[in-house]
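Enquirer: Below are the sequence and a predicted model; questions follow.
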Amino acid sequence: MVEAASILNIDAPDLYLRQSPVPNAYTLAISGKKPFVVVHTSLVELLSRKEWQAVLAHELGHLKCDHGLWLTYANILTLGAYSIPGLGGLIAQQLEEQLFRWLRAAELTCDRAALLVARDPKLVADQLNVDAFFEQARSYEKASSSPVGWYIRNAQTSQLSHPLPVLRAREIDEWSKSPEYQSLLKRLKWVNSVQNV
């Protein structure tokens, strides 16, 4: 956790293990208190050290980007819209749709944080046959480019808080090849070399 926090340039939060048979991890930041990450024991049992580091980096990404704060504001705005007579329900419904879209984008941002720490897109995508999964992701994107495909994809994902795994894999694959990612890696190497002097 400390190493991942250092790479992402944030203070390491507290880490708690929760006994649960359901693999999961989440981050909580409560105003005025030190944020913390909770990891279920079943997730720890499933992962290698490097996979564990990527999960922690993903959770740290939520803290780095203040996702909890923005989610709170969005929920307050949506609840406020419901109280408006007349069109309030329609406005709130549109806000909720945009909130779910933002939540999915926030998860992709945290996947990028995980990639910055892990430096291995296959590790972050975490699938049995990663190359086949990346190919499936490219096919999914191609199929979604038609009007009917676009409509079907939006119908599938509109109420999801997390992107479909195939879309997350595609995003990680594409970003790992981008000049922005390579530039960040070079800056990380430079910062590390300066700190070691």
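Expert: Looks like it came in fine.

Enquirer: Any chance of the backbone angles for residue 14?
Expert: Here is the backbone geometry of residue 14 (degrees, to the nearest 10): phi -70, psi 150.

Enquirer: Run through the bridge partners of it.
Expert: residue 36 (DSSP bridges).

Enquirer: in this protein, which spans are strands?
Expert: 14-18, 25-28, 36-40 (DSSP state E).

Enquirer: which residues of this protein score low on pLDDT?
Expert: Confidence mapping of the chain against pLDDT under 70 gives the ranges 126-140, 143, 149-161, 191-197.

Enquirer: same thing but 90
Expert: Within the chain, the stretches with pLDDT under 90 are 1-10, 17, 20-36, 38, 41-52, 62-63, 65-109, 112, 118-177, 181-197.

Enquirer: And the helices in it?
Expert: 2-7, 41-46, 49-64, 67-82, 88-118, 121-125, 130-143, 147-157, 165-176, 179-195 (DSSP state H).

Enquirer: The last one: which residues count as buried?
Expert: Within helix 179-195, the residues that count as buried by 16 or more other C-beta atoms under 10 Å are 181, 188. In this view, the C-beta of every residue, glycine as well, is placed from N, C-alpha and C.

Enquirer: quick one on the thing from earlier: out of the strands of the chain, which comes closest to residue 2?
Expert: strand 14-18 (9.8 Å; C-beta to C-beta).

Enquirer: in that closest one, what's buried?
Expert: For strand 14-18, a neighbour-count test (16+ other C-beta under 10 Å) marks nothing as buried.
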